[in-house]
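Peer 1: Build me a model:
(chains A, B, C and D)
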2 protein chains.
Amino acid sequence: MYIECMRATTHDSDARERLIKAAQALLWERGFMGTSPAAIQQMAEVGQGSMYHHFKSKEGLALAAIERSANERWGDYETLFAAESTAYGRIAAYLHAERDVLRGCRIGRLTQDPDIMGNEALRAPVDALFARLKARLAEAIAQGQAQGEVNAALDPLSIAEMVVAVVQGGYVIAKAANDTQPFARAMAGVLSLLGTQMKRAP
Amino acid sequence: MYIECMRATTHDSDARERLIKAAQALLWERGFMGTSPAAIQQMAEVGQGSMYHHFKSKEGLALAAIERSANERWGDYETLFAAESTAYGRIAAYLHAERDVLRGCRIGRLTQDPDIMGNEALRAPVDALFARLKARLAEAIAQGQAQGEVNAALDPLSIAEMVVAVVQGGYVIAKAANDTQPFARAMAGVLSLLGTQMKRAP
DNA sequence: GTCTATAACGGGATAGAC
DNA sequence: GTCTATCCCGTTATAGAC
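Peer 2: Numbering: from 1, shown residues only, chains lettered A, B, ... in the order given. You can find the predicted model right below:
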């Protein structure tokens, strides 16, 4: 539904797009507090006036960038889950997804930014992404239980929360050690436990 | 080995102590980037000149505060582990330790601060704390295996990394939701899995 | 040890010209 | 839409008096 002729006026607000992409990158790397409007403008190759034309404030731009990142992540997960049919397969796919471990999670990172957590508008997309992800994982587990693939004694939501937590915490211990191995071992650890409670094959 | 008369000169550099405590609190709440020297001075009720007399820079004070926090945390864990005798007991004690979940981990938090991770001196105590904690947990698990309490097929270090990660990630999902329940469920999730692989009683 | 003054710079935004 | 100028305040010190 993307109609090219609707934006035929000039080279267009391609600047808006570059600003969002730059803000995404800087929010990932340095967080909200650590990212100045000037730094975003520089990375986006967009002037001061231009940025404040497209966005009311640093906060407004951050909101657009966060929503964009959350949507992109959700797309990734949907793709991941669609390619698998069992609960174990879906969880394993999530745990082994390609990641830039030492850079951390683009969304989970925001959780440590008081200016973001203290702002309902900015926290909302972060909260929503984790909520959807956990619900999706819990659903896969419950479905696995209905089909007798997964130990029925497990609580789907608790396992889902644990799976998401182990990934988020994996980033933390990897960064602390400045080494991706702790992350890899944590993933191996959960999977070794989950493997005792779930069938691997469909 | 604390000799009171060694500091009998005046009311002494009680200011130094207050600065460290204030820096610990602010580093916890706002991180390194989010904490200005002025804010620390105000919380510590210590003047500008005084702070720069006791510490060379913001970084110097932060180092002292981080080392202090890491040592305090390690003391907590030693106490926790000393009170338990089984691998399951020790892990459960760690997972259920009293925590201010929505405030997050005083040490894990620092992991998201590029200025801290990019500074070897500041990262060192963070790295060291997690390394010791993981080693201690892995040791407890290996010991449990030697005594036949724990499934010998598990890799102690992977399980230890996973246990630490789930706590660190638990903070993340709790903050995102602005609710302690996700943390509690994640802990319940790991414990329900670990309970299938370890004996609870000594 | 602690105080006040000062400085050089960056952050976050507004104003109005083009 | 984008540019430049301008503003005010906060950050991170340093200097020297008390």
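
Peer 1: Show me what the longest helix seen in chain A is packed up against.
Peer 2: Secondary structure of chain A per DSSP state H: the longest helix is helix A:120-146. Packing partners of helix A:120-146 (3 or more C-beta pairs under 8 Å, 6 or more residues apart in numbering or on different chains; DSSP states H and E): helix A:58-82, helix A:87-95, helix A:114-117, helix A:156-177, helix B:156-177. From N, CA and C alone the C-beta is placed, and that goes for glycine too.

Peer 1: Skip the chain neighbours and tell me the closest residue to A:Gly144.
Peer 2: A:Ala87 (3.0 Å; C-beta to C-beta, 6 or more residues apart in numbering or on different chains).

Peer 1: which of the residues in the longest helix of chain A are buried?
Peer 2: Applying a neighbour-count criterion of 16 or more other C-beta atoms under 10 Å in any protein chain shown, the buried positions in helix A:120-146 are A:122-123, A:125-127, A:129-130, A:133-134, A:136-145.

Peer 1: Equivalent analysis for stretch A:155-163, please.
Peer 2: Quick answer for stretch A:155-163 (16+ other C-beta under 10 Å): A:155-163.

Peer 1: how far does stretch A:95-106 stretch from start to finish?
Peer 2: Using C-alpha to C-alpha, to the nearest Å, the end-to-end distance of stretch A:95-106 comes to 16 Å.

Peer 1: Please list the residues outside that stretch that contact it.
Peer 2: A:24, A:27-29, A:69, A:73, A:76, A:80, A:163, A:166-168, A:170-171, A:174-175, A:178, A:180, A:183, A:187, A:190-191, B:112 (C-beta atoms under 8 Å, 6 or more residues apart in numbering or on different chains).

Peer 1: from these, which would you call buried?
Peer 2: A:24, A:27-28, A:69, A:73, A:80, A:163, A:166-168, A:170-171, A:174-175, A:180, A:183, A:187, A:190-191, B:112.

Peer 1: Report the angle between the longest helix of chain A and helix A:87-95.
Peer 2: 150 degrees (axes from the mean of the first three to the mean of the last three C-alpha atoms, to 10 degrees).

Peer 1: how distant is helix A:120-146 from the center of its chain?
Peer 2: How far helix A:120-146 lies from its chain's middle: 12 Å, per C-alpha atoms, centre = their mean, to the nearest Å.

Peer 1: near DNA strand C at all, it?
Peer 2: No: in terms of C-beta under 7 Å from any atom of the strand, no part of helix A:120-146 sits within range of DNA strand C; the closest distance is 12.6 Å.

Peer 1: quick one: that helix to helix A:156-177, angle?
Peer 2: Using the same axes, to 10 degrees: helix A:120-146 against helix A:156-177 is 120 degrees.

Peer 1: Any regions of chain A where pLDDT drops low?
Peer 2: A:1-12 (pLDDT under 70).

Peer 1: what does it put close to DNA strand D?
Peer 2: Looking at DNA strand D, the residues of chain A close enough under C-beta under 7 Å from any atom of the strand are A:9, A:12-16, A:46-50, A:52-54.
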